[in-house]
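Peer 1: Predicted model and sequence below, questions to follow.
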Amino acid sequence: MNSNPAPWPPEVLEVVQRFITCEYATLTGRGTPVTFPLTPYPGEDGRTIDVSTGLSYPAKAERARRDPRVGILFSDPVGSHMEKPPVVLVYGLATVRDRDLQAGMDRYVRLNMAKFPDMYKGQFSFLLKRQQWYFTRIWMLTTPVKMLFWPDGDVQKQPEVWTAPEGTTASPSDPAPTGPSAMPWNSSPGGWHEGAFEALKNLGVPVLTVVDQASGGYPVPFRARTTSLTESGFNLDMPAGMPIIPTGPACLTFHSHPEVFVGMQNTAFVGEVSPRPDCGAFFTVERQLGDFSMGRTKLETTLTFLRTGFRLNPQLKAELARRNQPMPEVRLP
């Protein structure tokens, strides 16, 4: 069986298989990009890059279903055990799958437990089986239409380019559920300065996402080289190899996870970005987004899960009702 039927460049395929996180960008109805870290998996047919989000917090999937243009960046090799992997940027079309939530959960449990065994080591099975709010998943399958990749991760150079065969399309998404979606469970912080200071202190260099209007309006995430905080936003030093000029509606995403994945922290800001003549950019913050950070350690992640479950169980039941589906059962391997 051909394990790379698309076919993608071999170095790109290895990144998709081994990276712990990617930066996944969707578009709001107003055309603002929103980017958060998600765990990537090769698609079952070898032609898609698959990520998921919890049914309890479906905003990413709802954006992708409404506008299938997405961007995926592979820029954080921590935990991949790869030496000098390429940086990979994917322009893609999303297919949202939530017609069979039991099947989606079964796939997520199987893949996630295999990829992150340390997260589950020592966990009581009866507690895991009560975490439907987390394991009930919407899958977003991305069909790449173009990939840019920088060998050895040198984003100061121009990228190599892979383009999908002419006529490549994505399968249609499952129908959207009926009725209004549940209210957001984690409201945005009132002020953004404290969150920005903490992000700079603890989460490293951010990923800036802008929209590539010249190439079909896809969101394009790209990691900055350095950043500093100002009164109204962030100064950014962007790599020379960034494929588009950073201008217009934008998102700035910070995230971090340990080498052995037992949790993750992230936060994001939306606003406007404008270029500077020195290959830099200035990002003006409009607001900070709510996030779902697990924690820095296994204990922190466990405590976060216990607290969050109480808040998200009502969201889960509401989203199941919108789809007229029963509560899935967590079936451990």
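Peer 2: Thanks, I have the structure now. Numbering: from 1, shown residues only.

Peer 1: What is the neighbour count of residue 49?
Peer 2: As a burial measure, residue 49 scores 28 neighbours (other C-beta atoms under 10 Å). Any C-beta I mention is one placed from the backbone N, CA and C, and that applies to glycine too.

Peer 1: average pLDDT for the longest helix anywhere in the chain?
Peer 2: In the chain, assigned by DSSP state H, the helix with the most residues is helix 298-323. The average pLDDT for helix 298-323 rounds to 84.

Peer 1: name the helices or strands packed onto that helix?
Peer 2: When contacts are defined as 3 or more C-beta pairs under 8 Å, 6 or more residues apart in numbering; DSSP states H and E, helix 298-323 packs onto helix 117-120, helix 132-135.

Peer 1: Figure out how far the last one is from the centre of its chain.
Peer 2: A distance of 18 Å separates the C-alpha centroid of helix 132-135 from that of its chain, computed with C-alpha atoms, centre = their mean, to the nearest Å.

Peer 1: And the next helix or strand past that helix?
Peer 2: Later in the chain than helix 132-135, the nearest helix or strand by DSSP states H and E is strand 137-150.

Peer 1: That next one pairs with which strands, parallel or anti?
Peer 2: Sheet pairing of strand 137-150 (DSSP bridges) gives strand 49-54 (antiparallel), strand 87-97 (antiparallel), strand 160-163 (antiparallel).

Peer 1: returning to what we had before: name the stretch from the helices and strands packed on helix 298-323 that approaches residue 40 most closely.
Peer 2: Residue 40 sits nearest to helix 117-120 of all the helices and strands packed on helix 298-323, at 16.5 Å, using C-beta to C-beta.

Peer 1: Mind listing what's buried along that closest one?
Peer 2: For helix 117-120, a neighbour-count test (16 or more other C-beta atoms under 10 Å) marks 119, 120 as buried.

Peer 1: Just list what that helix packs against, helices and strands only.
Peer 2: Packing contacts for helix 117-120, counted by 3+ C-beta pairs under 8 Å, 6+ apart, involve helix 101-115, helix 298-323.

Peer 1: for those, which one sits closest to residue 220?
Peer 2: Using C-beta to C-beta, the helices and strands packed on helix 117-120 put helix 101-115 closest to residue 220, at 26.6 Å.

Peer 1: Measure how the closest one sits relative to helix 298-323, angle-wise.
Peer 2: Interaxial angle, helix 101-115 versus helix 298-323 (axes from the mean of the first three to the mean of the last three C-alpha atoms, to 10 degrees): 160 degrees.

Peer 1: can you list the weak-confidence ranges in the chain?
Peer 2: Per-residue confidence for the chain (pLDDT under 70) gives these ranges: 1-2, 182-190.

Peer 1: Check the secondary structure at residue 77 for me.
Peer 2: Judged by DSSP: H, G, I helix; E, B strand; the rest coil, the three-state class of residue 77 is coil.

Peer 1: what does residue 227 give?
Peer 2: Classification of residue 227 by three-state DSSP places it in strand.

Peer 1: Also residue 17?
Peer 2: Three-state call for residue 17 (three-state DSSP): helix.

Peer 1: Quick check, it in contact with residue 42.
Peer 2: Yes - Residue 17 is in contact with residue 42 according to C-beta atoms under 8 Å; the separation is 5.7 Å.

Peer 1: Those two: which has the busier surroundings?
Peer 2: Neighbour totals were compared for residue 17 and residue 42, and residue 42 leads with 17 against 14 (other C-beta under 10 Å).

Peer 1: Enumerate every residue touching the more buried one.
Peer 2: The contact partners of residue 42, by C-beta atoms under 8 Å, 6 or more residues apart in numbering, come to 13, 16, 17, 48, 49, 50.

Peer 1: Next: residue 251.
Peer 2: Counting by C-beta under 8 Å, 6+ apart, residue 251 touches 25, 32, 33, 34, 35, 208, 209, 221, 268, 269, 270.

Peer 1: does the fifth one sit in a helix or strand, and which one?
Peer 2: Assignment of secondary structure by DSSP H and E places residue 35 within strand 33-38.

Peer 1: Within its sheet, name the partner strands of that strand and how each one runs.
Peer 2: strand 22-27 (antiparallel).

Peer 1: I'd like the contacts of residue 42 as CSV, with distance to residue 333 appended.
Peer 2: Output for the contacts of residue 42, formatted as CSV (distance: C-beta to C-beta, whole Å):
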residue, distance to residue 333
13, 25
16, 22
17, 20
48, 23
49, 23
50, 19
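
Peer 1: Can you name the residues in contact with stretch 299-313?
Peer 2: Contacts to stretch 299-313, defined as C-beta under 8 Å, 6+ apart, come from residues 54, 56-57, 119, 123, 130-134, 185, 262-263, 292-295.

Peer 1: secondary structure class for the residue of the chain most remote from its centre?
Peer 2: Among residues of the chain, the one most distant from the C-alpha centroid is residue 277; the distance is 30.1 Å, by C-alpha atoms, centre = their mean. State at residue 277, reduced to three classes by three-state DSSP: coil.

Peer 1: swap in residue 197?
Peer 2: With three-state DSSP as the criterion, residue 197 reads helix.

Peer 1: Does it touch residue 230 like I think?
Peer 2: No - Residue 197 lies out of contact with residue 230 (C-beta under 8 Å); the separation is 11.7 Å.
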